[in-house]
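Chemist: how would this look folded up:
(one chain, ligands or ions: 1)
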Amino acid sequence: MLSSLSKKRILTGLQPSGALHIGNYLGALKPLIDLSNDPENETFLMVADYHALTSVRDGNQLREHTHQIVRDYLAAGVNKDNVTLFRQSENPHHMELSWVFNCLVTVPFLMQAHSYKDKVAKGMDANAGLFTYPMLMAADIVLYDIDFVPVGEDQRQHLEYTREAVTKFHNAYGELFKEPKEVIVKGVGVVPGTDGQKMSKSYKNTIPLFGTREEIQKAVMSIVTDSSGDKPEHVFNIHTIIYRVLGKSQVELDALYHEHTGKYKALKDALVEDIEKVVAPMRERRAAITDDQIRRILMSGAEKARAESALKMTVVRERIGISF
Ligand code: TYM
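Modeler: Numbers count the residues shown, from 1 in each chain. The predicted model follows:
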């Protein structure tokens, strides 16, 4: 059921493994929302719940995070009329196709994936799900003939892996899938956290997207400042990104930092105010979303997702030799 083939198809996914932070929003969710507002695009947004199983071990917690992330998507501005919003686990084609890809790529190839290598380098026990993670992500994307995938820089390699899986499939079974491209928006590919490193749940350096004002304030006040310069670089870098989102000019921001040279507290207060300008309206919207709305949206999203990928999966089964 591939409707309107001339339209560009967009998809991204986020793991429901904890509260979203502003890096997730700016790097992936906002670019997807912006693209979904163009009538030339057909947009899919997925809750990557099977991917989250690589780290979440509590069923109730996964259910709760899943519920919350859908609420976050809608509050952030996802319009259910423009976007097919669904849970990965509700379309079995994802797991099925990922197995086919797993049988095409080699162990040494998967061993080069950063997501796996980083865990191993930190001395953590990587589970097999984490190891084969890129092939599930490849399936997520190519099942829907996706053209563009808005993501943060840390997902670039996963898109390369996706294209490689497609090539391997094509070499073995003939042409079938589109080769998707990553969309990494300049300036927000790596949103820095409170310590200047990439903002990440696992680094405990996040500014929560849907925190209370107090939580945002606490996170901003914890931004590491270096007393050797006039300008607190880490504060300034996050502020630069937030200014861009607000459509304010860099000249204005430079002037603010010049005017408050050496006054770190005042500059952090100004950053809190500016983050609030971005998130306060979303927070308000979030409070108005009902459980019933979430349930209905997920139900229709799941149906649409399954219908969209059914034909593709039928062809896959024929080509690999499991349909008679
Ligand atoms: P996840 O859940 O780790 O992160 C969700 C998205 O947020 C982006 N991101 C950032 N962007 C900019 N700066 C940051 N500091 C930052 N931190 C996180 C990530 O790059 C990501 O785009 N594998 C994916 C989920 C996934 C997926 C997919 C994505 C599963 N299937 C298919 C796209 C298409 C992941 O773990 O994202």
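
Chemist: What are the buried residues along the one helix or strand in the chain whose mean pLDDT sits lowest?
Modeler: Every helix and strand of the chain was ranked by mean pLDDT, DSSP states H and E. The lowest is helix 114-121, at a mean of 91. Burial within helix 114-121, assessed by neighbour count using 16 or more other Cβ atoms under 10 Å, is assigned to 115-116, 119. Placement of C-beta: from N, CA and C, glycine included.

Chemist: go on, stretch 299-310?
Modeler: Quick answer for stretch 299-310 (16+ other Cβ under 10 Å): 301-302, 304-306, 308-309.

Chemist: per-residue pLDDT, residue 198?
Modeler: Note on residue 198: pLDDT of 96.

Chemist: which residues touch it?
Modeler: Under the criterion of Cβ atoms under 8 Å, 6 or more residues apart in numbering, the neighbours of residue 198 are 23, 154, 190-192.

Chemist: Leaving out the residues flanking it, which one is nearest to the residue in the stretch 101-250 of the chain that the ligand sits nearest to?
Modeler: Nearest to the ligand in the stretch 101-250 of the chain, going by Cβ to the nearest ligand atom, is residue 152, at a distance of 2.3 Å. Among residues not flanking residue 152 along the chain, residue 27 sits closest, at 3.3 Å (Cβ to Cβ, 6 or more residues apart in numbering).

Chemist: what's near enough to touch that neighbour?
Modeler: By Cβ under 8 Å, 6+ apart, the residues touching residue 27 are 151-153, 184-185, 188-191.

Chemist: surely residue 84 meets residue 303?
Modeler: No. Using Cβ atoms under 8 Å as the test, residue 84 is too far from residue 303 to be in contact (9.5 Å).

Chemist: So what's the residue count around residue 74?
Modeler: Neighbour count of residue 74, defined by other Cβ atoms under 10 Å: 21.

Chemist: Three-state assignment for it, please.
Modeler: Classification of residue 74 using DSSP: H, G, I helix; E, B strand; the rest coil returns helix.

Chemist: Next: the one 4 residues further on.
Modeler: The three-state label for residue 78, taken from three-state DSSP, comes out as coil.

Chemist: close enough to count as contact, it and residue 86?
Modeler: No. The pair residue 78 / residue 86 is not scored as a contact, 11.8 Å apart, by Cβ under 8 Å.

Chemist: okay, and the common contacts of those two?
Modeler: Common neighbours of residue 78 and residue 86, counting by Cβ under 8 Å, 6+ apart, are residue 45.

Chemist: more neighbours, those two?
Modeler: With neighbours defined as other Cβ under 10 Å, residue 78 and residue 86 compare such that residue 86 has more, 25 against 19.

Chemist: That one sits in which helix or strand?
Modeler: strand 83-87 (DSSP states H and E).

Chemist: residues near the nearest residue to residue 69 once chain neighbours are set aside, how many?
Modeler: Nearest residue to residue 69 in three dimensions, chain neighbours excluded: residue 16, at 4.4 Å (Cβ to Cβ, 6+ apart). Counted by other Cβ under 10 Å, the residues lying close to residue 16 total 26.

Chemist: re earlier: buried residues, the helix or strand just after the strand holding residue 86. List them.
Modeler: Once the chain leaves strand 83-87, the next helix or strand it forms, by DSSP H and E, is helix 93-102. For helix 93-102, a neighbour-count test (16+ other Cβ under 10 Å) marks 93-94, 96-98, 100-102 as buried.

Chemist: same deal with stretch 183-191?
Modeler: Neighbour-count burial for stretch 183-191 flags 183-185, 188-191 (criterion: 16+ other Cβ under 10 Å).

Chemist: What of stretch 163-174?
Modeler: Within stretch 163-174, the residues scored as buried using 16+ other Cβ under 10 Å are 163-166, 168-169, 173.

Chemist: Between those residues, which sits nearest residue 60?
Modeler: The closest of those to residue 60 turns out to be residue 165 (Cβ to Cβ; 33.3 Å).

Chemist: Might you report the residue contacts of the closest one?
Modeler: With contact taken as Cβ under 8 Å, 6+ apart, residue 165 is in contact with 101, 104-105, 134-135, 138, 142.

Chemist: how about a cut-off of 6 Å?
Modeler: Contacts for residue 165 (Cβ atoms under 6 Å, 6 or more residues apart in numbering) come out as 101, 138.

Chemist: Just the element for residue 256, please.
Modeler: Using DSSP H and E, residue 256 falls in helix 250-259.

Chemist: Convert the C-alpha atoms of that helix to PDB, please.
Modeler: What follows is helix 250-259, C-alpha atoms only, in PDB (Å, rounded to 0.1, in the frame of the first residue of the first chain):
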ATOM      1  CA  GLN A 250      23.500  35.700  17.200                       C
ATOM      2  CA  VAL A 251      24.400  39.400  17.300                       C
ATOM      3  CA  GLU A 252      21.800  39.800  20.000                       C
ATOM      4  CA  LEU A 253      23.200  36.900  22.000                       C
ATOM      5  CA  ASP A 254      26.800  38.200  21.600                       C
ATOM      6  CA  ALA A 255      25.600  41.600  22.900                       C
ATOM      7  CA  LEU A 256      23.900  39.900  25.900                       C
ATOM      8  CA  TYR A 257      27.100  38.000  26.800                       C
ATOM      9  CA  HIS A 258      29.200  41.100  26.300                       C
ATOM     10  CA  GLU A 259      26.900  43.100  28.600                       C
END
